[in-house]
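>>> Quick check, what structure comes out for this input:
(chains A and B)
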There are 2 protein chains.
Amino acid sequence: MKAAIQPAGLTRLCVHTVTTKPWGVEEAAGRYAAAGVKGITVWRQALDGRDAGAVGGMLRAHGLEVVSLCRGGFFAAPDEAGRQRAIDDNLAAIGEAEALGAPLLVLVCGAVPGLPLEEARGQIRGGIEAVLPAAVEAGVRLAIEPLHPMYADDRSAINTLAQANEVAEAIGSEFVGVAVDVYHLWWDPDLEREIQRCARSGSLLAFHVCDWKTPTVDLLNDRGLMGEGCIPLRQIRSWVEAAGFRGFNEVEIFSERYWAQDQQEFLERIVEAYQKYV
Amino acid sequence: MKAAIQPAGLTRLCVHTVTTKPWGVEEAAGRYAAAGVKGITVWRQALDGRDAGAVGGMLRAHGLEVVSLCRGGFFAAPDEAGRQRAIDDNLAAIGEAEALGAPLLVLVCGAVPGLPLEEARGQIRGGIEAVLPAAVEAGVRLAIEPLHPMYADDRSAINTLAQANEVAEAIGSEFVGVAVDVYHLWWDPDLEREIQRCARSGSLLAFHVCDWKTPTVDLLNDRGLMGEGCIPLRQIRSWVEAAGFRGFNEVEIFSERYWAQDQQEFLERIVEAYQKYV
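Got it, this is the predicted structure:
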């Protein structure tokens, strides 16, 4: 048995707005702060019809630290016009992150069914390099988030932390790193080694938690609350911290089941599960 | 662009009985043979209430080659009694394969939610080693089939071909090899290299085909017919053959959608899709 790992503490708890999707960002901010949550990651949908700068001020007035903006990416496309649209959209996202006061934009890198994964990866690298000067100018870092291999068809051609590390290292900018999400990566026998690899170089920029349920009945929106599944959350957090990561532990749960429930009760369960299992 | 790869030809087409699950094995045998299918892989359920030796004779009388028996495995268990039950069941499966005249038993190796994957892998290796003498005695080889990472919770702690190769090499018997199923492995950036690794040593024992649909609406039973999805089937077959594999191309499709349709029409579509896409 490994030595006991201490709970992370609420000071490092961040919740993604999508986790409590039924709430508008204003209600989420008030409820999160009241529950003791210290950080918030904002999904772009939560900014719809709002001024990003004003939202950022509102969040900070609630005592919340804006951890990141989710999500940019989707750089792979069947044609040049599609790739340019993706670049334009990522430039817009970088602008939103800057206005919001978010130091980080998380990238779901993209894939196109039938487009060879190697080609998609080349397009992803090209897309990141195309928006990198704007990110540097805005002071917004970019985190490549490897997605579970079950999303290799149409969401991400980058499916392991090793691949994300390779792209980040190839680009070689302190403004490009990786996001580790336990849902996508828990099964990978190379996970601990790859966490050490990115954390040592300072390119581990975000850490996302939830759980993998058995059975999982939907590929997208059936994530579990921490403790409901089989992911060794505390062990993975220990790897991340052993490698020097001191950022937020971000709760990102897509769940039709939880979205249909009372969101305040769900938030209370998140805080409890975070203290018990993360 | 790669040089064109020729279609595989019907002489190497095998169908798994589970693909046409509504048919009993007798009906499947007659229909497969009439459609020009040359090989059959028998799922153990298809033997329920039947004498395996008699089924084997019936299949050969139809001109079908018995390619393998599916499936053994599930060696990981929460306790010793469970692991012993798994070993007993695999010994029974080896006996069925021998009686059937199947030279190969395919292993879905097992996982238990909450059991660390490393421990499950140790139990898998232990289980295979426990049944290996019986397999050698029976003349039945064992194929470790790595399963897609989305099955790492409760079906297999072996999720990449690299992991399967490692276990097979560690055991080091010509009676233990691997099965490559495109559905589980197509996303893996190391796939070509790992195919070369096992095929060179003669441990690539089976090649399974189907397709990955977008969207996939069920984690288990929504596989696509070849050509319906994004898997580069012909490219992967070219890797397998470049490495020396000359066995059957086995069509293994779990699909509630296809099982609900007319199975004869489905079989005709399989033969057509095989010639066009594999």
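>>> Would you mind listing what in chain A touches chain B?
A:113-114, A:116-117, A:148-150, A:152-154, A:159-160, A:163, A:186-189, A:212, A:214-217, A:219, A:229-230, A:232 (Cβ under 8 Å from any Cβ of the partner chain). Glycine gets a C-beta too; all of them are placed from N, C-alpha and C.
>>> Swap in 6 Å and give it another go.
With Cβ under 6 Å from any Cβ of the partner chain as the criterion, chain A meets chain B at residues A:P113, A:G114, A:P149, A:M150, A:A152, A:D153, A:D154, A:N159, A:W187, A:W212, A:T214, A:C230.
>>> Of these, which belong to helices?
Using DSSP state H, no member of these falls in helices.
>>> For the stretch 151-278 of chain A, just list every one of the helices.
Shown for the stretch 151-278 of chain A, the helices assigned by DSSP state H, counting those that start in this stretch span residues A:161-171, A:182-185, A:191-200, A:233-242, A:256-259, A:263-277.
>>> Export those as JSON lines, with columns for mean pLDDT and mean neighbour count.
Output for the helices of the stretch 151-278 of chain A, formatted as JSON lines (pLDDT from 0 to 100; neighbours: other Cβ atoms under 10 Å in any protein chain shown):
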{"stretch": "helix A:161-171", "mean pLDDT": "97", "mean neighbour count": "20"}
{"stretch": "helix A:182-185", "mean pLDDT": "98", "mean neighbour count": "24"}
{"stretch": "helix A:191-200", "mean pLDDT": "94", "mean neighbour count": "19"}
{"stretch": "helix A:233-242", "mean pLDDT": "96", "mean neighbour count": "19"}
{"stretch": "helix A:256-259", "mean pLDDT": "98", "mean neighbour count": "17"}
{"stretch": "helix A:263-277", "mean pLDDT": "98", "mean neighbour count": "17"}
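>>> Quick one, which of these gets closest to A:Q45.
Relative to A:Q45, the nearest member of the helices of the stretch 151-278 of chain A by Cβ to Cβ is helix A:256-259, separated by 13.1 Å.
>>> related to what we said a few turns ago, and which of the residues of chain A next to chain B is nearest to A:G139?
The nearest member of those to A:G139, counting by Cβ to Cβ, is A:N159 at 29.4 Å.
>>> picking that back up, may I ask which of the residues of chain A next to chain B comes out lowest in pLDDT?
The member of those with the lowest pLDDT is A:G114, at 94.
>>> who are the neighbours in contact with the closest residue to that residue other than its chain neighbours?
Excluding its sequence neighbours, the residue lying closest to A:G114 (Cβ to Cβ, 6 or more residues apart in numbering or on different chains) is B:C230, at 5.2 Å. B:C230 makes contact with A:P113, A:G114, A:D153, B:W212, according to Cβ atoms under 6 Å, 6 or more residues apart in numbering or on different chains.
>>> Give the residue spans of the stretch 1-150 of chain A that score low on pLDDT.
A:1-4 (pLDDT under 70).
>>> all helices of it, in order?
Using DSSP H, counting those that start in this stretch, helices in the stretch 1-150 of chain A cover A:25-35, A:52-61, A:80-100, A:117-138.
>>> Mean neighbour count and distance to B:Q196 for those helices - can I get that in JSON lines?
Converted to JSON lines, the helices of the stretch 1-150 of chain A look like this (neighbours: other Cβ atoms under 10 Å in any protein chain shown; distance: least, Cβ to Cβ, whole Å):
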{"stretch": "helix A:25-35", "mean neighbour count": "18", "distance to B:Q196": "51"}
{"stretch": "helix A:52-61", "mean neighbour count": "16", "distance to B:Q196": "50"}
{"stretch": "helix A:80-100", "mean neighbour count": "18", "distance to B:Q196": "33"}
{"stretch": "helix A:117-138", "mean neighbour count": "19", "distance to B:Q196": "17"}
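>>> and A:V108, which of those helices is closest to it?
That would be, of those and by Cβ to Cβ, helix A:117-138, which comes in at 10.2 Å.
>>> okay, the angle between the closest one and helix A:161-171?
Put simply, helix A:117-138 runs at 60 degrees to helix A:161-171, going by axes from the mean of the first three to the mean of the last three Cα atoms, to 10 degrees.
>>> quick check: angle from helix A:117-138 to helix A:80-100?
On the basis of the same axes, to 10 degrees, helix A:117-138 is oriented at 30 degrees to helix A:80-100.
>>> Can I get helix A:117-138 in CSV, CA atoms only?
This file holds the C-alpha atoms of helix A:117-138, laid out as CSV (Å, rounded to 0.1, in the frame of the first residue of the first chain):
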residue,chain,number,x,y,z
LEU,A,117,-5.2,10.8,-37.5
GLU,A,118,-1.6,11.7,-38.5
GLU,A,119,-2.9,14.4,-40.8
ALA,A,120,-5.3,15.7,-38.1
ARG,A,121,-2.3,15.9,-35.7
GLY,A,122,-0.4,17.9,-38.2
GLN,A,123,-3.4,20.3,-38.6
ILE,A,124,-3.6,20.6,-34.8
ARG,A,125,0.0,21.6,-34.5
GLY,A,126,-0.4,24.1,-37.4
GLY,A,127,-3.5,25.6,-35.8
ILE,A,128,-1.9,26.0,-32.4
GLU,A,129,1.2,27.6,-34.0
ALA,A,130,-1.1,30.0,-36.0
VAL,A,131,-2.8,31.3,-32.9
LEU,A,132,0.2,31.2,-30.6
PRO,A,133,1.4,34.8,-31.2
ALA,A,134,-2.0,36.1,-30.3
ALA,A,135,-2.0,34.0,-27.1
VAL,A,136,1.5,35.3,-26.1
GLU,A,137,0.3,38.9,-26.8
ALA,A,138,-2.8,38.3,-24.7
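>>> quick check: longest strand of chain A.
Criterion DSSP state E: the longest strand present in chain A is strand A:65-73.
>>> What strands line up against that strand, and which way round?
strand A:39-43 (parallel), strand A:104-108 (parallel) (DSSP bridges).
>>> Can you tell me what sits against the last one?
With contact meaning Cβ under 6 Å, 6+ apart, strand A:104-108 is reached by A:68-73, A:93, A:97, A:140-145, A:156, A:179, A:205.
>>> try it again with 7 Å
A:67-74, A:93-94, A:97, A:140-145, A:147, A:155-156, A:179, A:205-206 (Cβ atoms under 7 Å, 6 or more residues apart in numbering or on different chains).
>>> hang on, the earlier thing: pipe the helices of the stretch 151-278 of chain A into JSON lines and attach distance to A:P7 per row.
Formatted as JSON lines, these follow (distance: least, Cβ to Cβ, whole Å):
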{"stretch": "helix A:161-171", "distance to A:P7": "24"}
{"stretch": "helix A:182-185", "distance to A:P7": "16"}
{"stretch": "helix A:191-200", "distance to A:P7": "20"}
{"stretch": "helix A:233-242", "distance to A:P7": "8"}
{"stretch": "helix A:256-259", "distance to A:P7": "22"}
{"stretch": "helix A:263-277", "distance to A:P7": "5"}
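>>> so can I have CSV of the helices of the stretch 1-150 of chain A showing distance to B:L107?
Converted to CSV, the helices of the stretch 1-150 of chain A look like this (distance: least, Cβ to Cβ, whole Å):
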stretch, distance to B:L107
helix A:25-35, 47
helix A:52-61, 52
helix A:80-100, 42
helix A:117-138, 28
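>>> need the contact list for A:A162.
When contacts are taken as Cβ under 7 Å, 6+ apart, A:A162 is in contact with A:D190, A:E194.
>>> Pull out the buried residues from the contacts of B:C230.
The neighbour count (16 or more other Cβ atoms under 10 Å in any protein chain shown) marks A:D153, B:W212 as buried among these.
>>> As CSV, the contacts of B:C230 with distance to A:A102 would be great.
Listed next are the contacts of B:C230 as CSV, based on distance: Cβ to Cβ, whole Å:
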residue, distance to A:A102
A:P113, 31
A:G114, 34
A:D153, 29
B:W212, 34
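>>> Taking the contacts of B:C230, tell me the two that lie furthest apart.
Maximum pairwise distance in these, criterion Cβ to Cβ, is 10.7 Å, between A:G114 and B:W212.
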